[in-house]
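Student: A predicted structure for the sequence below; I have some questions about it.
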Amino acid sequence: MRYEAPASLDAATRLLADAGGAARVLAGGTDLLIQMRADLVEPTVLVDVKNIAEMREIAEEGGRFRLGAAVTGMEIMEHEGFNAAWPGIVDGAKLIGSIQIRGGATRGGNLCNASPAADSVPALIAADAIARIIGPDGRRAAPVEDIATAPGRTSLAAGEIVVSFDLPEREPRSGDAYLRFTPRTEMDIAVVGVGVNLALDEAGMCVAARVALGAVAERALLVDEAAAALIGTRVDDAALAALSAAASAACRPIDDKRGTKEFRIEVAGVLAERAARIALERAEQG
Amino acid sequence: MMARYHVTTTVNGDEVDFLCESDQTLLSVLRDELVMTGTKEGCGTGDCGACSVTVDGRLMCSCLVLGVEVDGKEVETIEGMADGEALHPLQQKFLEHAALQCGICTPGLLVASRALLERNPDPTETEIRYWLAGNLCRCTGYHKIVEAVADAAREMREV
């Protein structure tokens, strides 16, 4: 296996194209190194993207954040401006692994590893984040919800890299939150995860919302029906009950050692309501 | 045979260079190439924290970092913790509080605890427990470890 650490996206895409599918992108390595050790993947070339400046920075341009795909969880947690604008995305970052794992693990890696339980993905979807992608045919952009398609599978073509995530301008009176259920408080994998992002008008009416569910389907789901339950309401008890029902109805989970189908469906509704209450509180403060 | 990679790095303040395979972990480089066996291998999958080191000040599991990735970086391990014969306050407090039994997790816990106290010299018990959640100990039940870290923090604040 050859190791390369190019300093530019052009060089990285060339390396990936030349390797013809036998290369892997290395960011934090917290999933890839485990898969290599278990012989689940045997790349001939490893393309370390951590020397590529565009992938490593949190940039703010005119009120819009661009989050580099190779920014680590700890770096996100330490960025004051990003915490103020997108606390729900930071909620997800805080829940992944340990301090050690957060020191290396990246948002792009969490997305492209394509676990349905990835803790940083629902809040990115709820935030309406757009993935900037580069590949052999140049650049393109895609909504985050369109990247993972099934466990371990993505819609990325061979040789494509997720470079960064574009976040929309943060409106006044908007807030987001991510909650997950795990049996333990730390070092665990989501049984259910819910990201909610909403905006209020001056009268306190919800004018925009996005709701995303993790670990209840083959990939994280954007649930329009759940968002519709909030829009045009004051996010009162009736709206939250409708949100909860819509979130549960959207689940198509599996039974596994971490939770049964029935449990996941019920908990998705409960967590959607709780996450919406936190997002509402943040919107009212913001 | 494939060429080995030549890596130049700083380990506990000393400039070090080594040769390693592309898929060789930093943990393996430390233990097998540099013969610094203070860093322990537990799970090898980033779950237990026994192999904790810092890379450019960032606490990481050295089993999830490749040796080739630390080129030009600063690595700190348990071997850099004591000042000659003088133990670091955390090491001293781990002994005083009997915060270890078999000792396999201890280097990782010490390195992780030092990283905590460097950022937060006065952590609450909750902050200590959350920070050390990625360091597993199967002997102590953690209570004495948490007490030792809090006591070391107290002492270090007074100096």
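Tutor: Done, it's in.
Student: Quick one: mean pLDDT for stretch A:93-110?
Tutor: Mean per-residue pLDDT for stretch A:93-110: 97.
Student: Quick check: buried residues in that stretch?
Tutor: Of the residues in stretch A:93-110, A:93-110 count as buried by neighbour count, 16 or more other C-beta atoms under 10 Å in any protein chain shown. All C-beta atoms are positioned from the backbone trio N, CA, C, and that covers glycine.
Student: list the contacts for residue A:172?
Tutor: Taking C-beta atoms under 8 Å, 6 or more residues apart in numbering or on different chains, we find residue A:172 in contact with residue A:286.
Student: tell me what the longest helix belonging to chain B is packed against?
Tutor: In chain B, with assignment by DSSP state H, the single longest helix is helix B:143-158. The contact analysis (3 or more C-beta pairs under 8 Å, 6 or more residues apart in numbering or on different chains; DSSP states H and E) places helix B:143-158 against helix B:89-96, helix B:106-119, helix B:125-131.
Student: before we move on, back to that, looking at the buried residues of stretch A:93-110, which are in helices?
Tutor: Counting by DSSP H, the buried residues of stretch A:93-110 place A:93-95, A:99-104, A:107-110 in helices.
Student: Also within reach of chain B: list those from those residues.
Tutor: Among these, the residues that sit close to chain B (C-beta under 8 Å from any C-beta of the partner chain) are A:99, A:100, A:101, A:103, A:104.
Student: from what I can see residue A:29 touches residue B:62, true?
Tutor: No. Using C-beta atoms under 8 Å, residue A:29 is not in contact with residue B:62, being 11.1 Å away.
Student: more neighbours, the two?
Tutor: residue B:62 (30 against 26; other C-beta atoms under 10 Å in any protein chain shown).
Student: Looking at the stretch 1-150 of chain A, which residue is nearest chain B?
Tutor: residue A:98 (2.1 Å; C-beta to the nearest C-beta).
Student: you'd agree that residue is up against residue A:105?
Tutor: No. With contacts counted by C-beta under 8 Å, residue A:98 stays clear of residue A:105, the gap being 9.9 Å.
Student: need the contact list for residue 81.
Tutor: You didn't say which chain, so I picked chain A. Counting by C-beta under 8 Å, 6+ apart, residue A:81 makes contact with A:58, A:60, A:65.
Student: wrong chain, I was asking about chain B
Tutor: Going by C-beta under 8 Å, 6+ apart, residue B:81 touches B:88, B:90, B:91, B:110, B:111, B:114.
Student: Break down the stretch 51-200 of chain A into its strands, ranges please.
Tutor: For the stretch 51-200 of chain A, applying DSSP state E, counting those that start in this stretch gives strands covering A:58-61, A:64-68, A:130-135, A:138-143, A:148-150, A:153-154, A:161-166, A:174-181, A:192-200.
Student: now the second one, how far from the centre of its chain.
Tutor: Strand A:64-68 sits 13 Å away from the centroid of its parent chain (C-alpha atoms, centre = their mean, to the nearest Å).
Student: Parallel or antiparallel, which strands does it pair with?
Tutor: Here strand A:64-68 has these sheet partners by DSSP bridges: strand A:58-61 (antiparallel), strand A:161-166 (antiparallel).
Student: so how many other residues sit close to residue A:227?
Tutor: Other residues close to residue A:227 by other C-beta under 10 Å number 21.
Student: Next one: the closest residue to chain A within chain B, what pLDDT does it get?
Tutor: Of all residues in chain B, residue B:134 sits closest to chain A, at 2.1 Å by C-beta to the nearest C-beta. Model confidence at residue B:134, given as pLDDT, is 97.
Student: so it touches residue A:103, yeah?
Tutor: No. The criterion here is C-beta under 8 Å, and residue B:134 misses it with residue A:103 at 9.7 Å.
Student: how about the residues of the stretch 1-150 of chain A that lie near chain B?
Tutor: Residues of the stretch 1-150 of chain A lying near chain B (C-beta under 8 Å from any C-beta): A:1-3, A:5, A:26, A:28-30, A:33-34, A:36-37, A:46, A:48, A:50, A:72, A:74, A:97-101, A:103-104.
Student: swap the cut-off to 7 Å and go again
Tutor: A:1-3, A:29-30, A:33-34, A:36-37, A:46, A:48, A:74, A:97-101, A:103-104 (C-beta under 7 Å from any C-beta of the partner chain).
Student: quick one, what contacts residue A:255?
Tutor: For residue A:255, the contact set (C-beta atoms under 7 Å, 6 or more residues apart in numbering or on different chains) comprises residue A:261.
Student: what's the distance between it and chain B?
Tutor: As for residue A:255, its distance to chain B is 24 Å (criterion: C-beta to the nearest C-beta, to the nearest Å).
Student: With residue A:171 instead?
Tutor: 32 Å.
Student: Please apply the same query to residue A:269.
Tutor: From residue A:269 over to chain B the distance is 28 Å, taken as C-beta to the nearest C-beta.
Student: wouldn't that residue be in contact with residue A:244 here?
Tutor: Yes. If you go by C-beta atoms under 7 Å, residue A:269 and residue A:244 touch, sitting 3.8 Å apart.
Student: how much space between residue A:166 and residue A:52?
Tutor: 17 Å (C-beta to C-beta, to the nearest Å).
Student: The two - which one has more neighbours?
Tutor: residue A:52 (24 against 17).
Student: Can you tell me the closest non-neighbouring residue to that one?
Tutor: Spatial nearest neighbour of residue A:52, chain neighbours left out: residue A:9 (5.9 Å); criterion: C-beta to C-beta, 6 or more residues apart in numbering or on different chains.
Student: cool, residue B:144 as well?
Tutor: residue B:99 (4.3 Å).
Student: How about the secondary structure of the one you found?
Tutor: Of the three states, residue B:99 takes coil under DSSP: H, G, I helix; E, B strand; the rest coil.
Student: wait, isn't it in contact with residue B:145?
Tutor: Yes. Counting by C-beta under 7 Å, residue B:145 is a contact partner of residue B:99 at 4.5 Å.
Student: Residue B:59 and residue B:51 touch, don't they?
Tutor: No. Using C-beta under 7 Å, residue B:59 is not in contact with residue B:51, being 11.2 Å away.
Student: one step back: tally of neighbours for the residue of chain B closest to chain A?
Tutor: Neighbours of residue B:134 (other C-beta under 10 Å): 24.
Student: May I have the residues that are in contact with it?
Tutor: Counting by C-beta under 7 Å, 6+ apart, residue B:134 makes contact with A:97, A:98, A:99, A:100, A:101, A:187, B:49.
Student: How is chain B divided into domains?
Tutor: B:4-80, B:89-158 (automatic domain parsing).
Student: what's the span of the first one from first residue to last?
Tutor: Using C-alpha to C-alpha, to the nearest Å, the gap from the first to the last residue of domain B:4-80 comes to 27 Å.
Student: How about it and chain A, any contact?
Tutor: Yes. Counting by C-beta under 7 Å from any C-beta, chain A has neighbours in domain B:4-80: B:5, B:22-23, B:44-46, B:49, B:52, B:58-61, B:64-66, B:68-69.
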